[in-house]
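Visitor: Sequence plus the predicted model coming up.
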Amino acid sequence: MPTIIKLKIQVSKLDNVLTKFDQIKVYRSTTGIAGVYTEHTAVSTRIGLVQGQTTYEYDDVAGEITYYYKTSYFHSGTSLESNQSPPQLGDDPATNNIMTVEELKEIYLFGLDLTNDAGEDFPDRLFEWGIRWAIGNVERHLDIRVRPTVFTDERYDYNRGDYLYWTIIKLRESPVISVEGVAVKWPSDSTVIQFPTEWIQLRADAGQVNIVPSSGTLSQVLLTAGGSFLPLVASGRDFVPNILSVDFTAGFAEGQVPIEIRDLIGKYASFAPLNVAGDLIAGAGIASKSLSIDGLSQSINTTSSATNSGYGARLIQYAKEIKEVVPTLRRYYKGIGFVALG
């Protein structure tokens with residue numbers, strides 16, 4: 001499903017760049033990191049370089065979170081163009097709506113010195129990448145979708161018993177925001193039945209879909225085991241694989257991610273900044289240092305070492321809390337699976 005993808009572009013050594021170029025071109029690949037990159041900007045939409053501005057943004061209004069981007073510098077007068085940058089993903093707006101860099105710093109990294117040896121702030125990209133990694137990690141560990149994700153023509157098996165009891169379909173993904181369509185399709189992709197959308201009933205948290213007809217003769221046909229409707233679908237068979245097709249959107253709607261999920265994401269996202277900041281408490285790779293001037297001396301010792309991060313205590317605490325809460329959240333959102341004992 002097309003969405004607005006935001007691309008952040010950082011220009012290093014801007015003064016040097018401005019001596020040769022005055023614009024930025026954006027290239028896009030829709031087929032992965034190793035795909036073909038074509039210019040997505042046009043003559044009128046190339047980004048103008050500005051003296052003193054080192055950060056630029058570009059909106060791909062018909063993007064996808066799987067698209068990759070490269071940029072290059074360009075001179076509008078001479079047509080001189082630089083080499084293209086390494087590929088990067090754009091910013092998924094759904095990620096920004098779940099947790100912002102400011103929230104991560106203020107809630108989970110409060111009180112830390114988030115600067116390098118030169119006193120410069122850590123780049124936002126470090127925190128943004130941590131948040132995106134954390135969201136993916138939570139989705140894998142809890143086996144749920146956090147970000148809105150569209151599934152088209154997802155296939156499910158037909159079971160006669162389920163079909164007779166309001167066509168129960170247990171979706172593989174949960175939670176579910178909406179179901180756009182349910183149909184019966186044969187392997188040839190020919191549609192036998194497209195159920196009316198008003199018949200579709202959804203239990204969003206469990207990812208369960210039922211087909212409940214509106215009043216009238218069709219409801220009698222659907223529930224009649226020996227009627228003509230069922231043989232039309234499966235010719236009286238008890239089981240047919242992959243003929244139920246469902247279009248749906250899984251995940252949490254914007255602004256509806258539960259606080260316990262956001263808390264887990266925040267703790268995961270803290271790991272990368274905490275590791276980097278811990279290494280730089282007294283300078284890169286330094287565990288202790290001392291200063292002596294005219295008989296006055298000062299010593300600084302940290303918990304940093306070759307095998308321990310300067311902020312190891314906080315990392316250990318977050319890891320402990322994550323380990324405790326993940327099983328509980330997984331049971332809550334996915335339930336307990338059936339176990340067969342032989």
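Guide: Happy to help now that I have it.
Visitor: so where is the stretch 51-200 of the chain shaky, pLDDT-wise?
Guide: 165, 189, 191 (pLDDT under 70).
Visitor: now the helices for it?
Guide: 93-98, 101-103, 124-142, 160-164 (DSSP state H, counting those that start in this stretch).
Visitor: same question, the stretch 201-342 of the chain
Guide: Under the criterion DSSP H, counting those that start in this stretch, the stretch 201-342 of the chain contains helices at 217-222, 229-234, 259-269, 271-279, 312-334.
Visitor: So for Tyr333, which of the helices of the stretch 51-200 of the chain sits nearest?
Guide: helix 124-142 (5.8 Å; Cβ to Cβ). From N, CA and C alone the C-beta is placed, and that goes for glycine too.
Visitor: which secondary structure elements does that closest one contact?
Guide: Packing partners of helix 124-142 (3 or more Cβ pairs under 8 Å, 6 or more residues apart in numbering; DSSP states H and E): strand 3-10, helix 93-98, helix 101-103, helix 259-269, helix 271-279, helix 312-334.
Visitor: Restrict the first one to CA atoms and write it as CSV.
Guide: Taking C-alpha atoms only, strand 3-10 is exported to CSV below (Å, rounded to 0.1, in the frame of the first residue of the first chain):
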residue,chain,number,x,y,z
THR,A,3,2.5,5.7,1.7
ILE,A,4,4.7,8.7,2.3
ILE,A,5,8.3,7.7,2.9
LYS,A,6,10.6,10.4,4.3
LEU,A,7,14.2,10.4,3.3
LYS,A,8,16.7,12.2,5.5
ILE,A,9,19.9,13.4,3.6
GLN,A,10,23.0,14.5,5.6
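Visitor: Counting neighbours, show which residues of it come out buried.
Guide: By neighbour count on 16 or more other Cβ atoms under 10 Å, the buried set for strand 3-10 is Thr3, Ile5, Leu7, Ile9.
Visitor: Identify the residue with the minimum pLDDT among the residues you listed.
Guide: Across the buried residues of strand 3-10, the smallest pLDDT goes to Thr3, namely 72.
Visitor: Got the domain ranges for the protein?
Guide: Following automatic domain parsing, one gets these domains for the chain: 3-91, 97-142+256-334, 151-250.
Visitor: first to last residue in the longest one, what's the distance?
Guide: I take that to be domain 97-142+256-334. Terminal residues of domain 97-142+256-334 are spaced 23 Å apart (Cα to Cα, to the nearest Å).
Visitor: Need the pLDDT of Gly226.
Guide: 41.
Visitor: Pro231 too?
Guide: 44.
Visitor: The stretch 1-150 of the chain: strands as residue ranges?
Guide: Taking DSSP state E, counting those that start in this stretch as the test, the strands found in the stretch 1-150 of the chain are 3-10, 23-29, 38-39, 47-48, 55-63, 68-74, 88-89, 149-159.
Visitor: Good, wrapping up.
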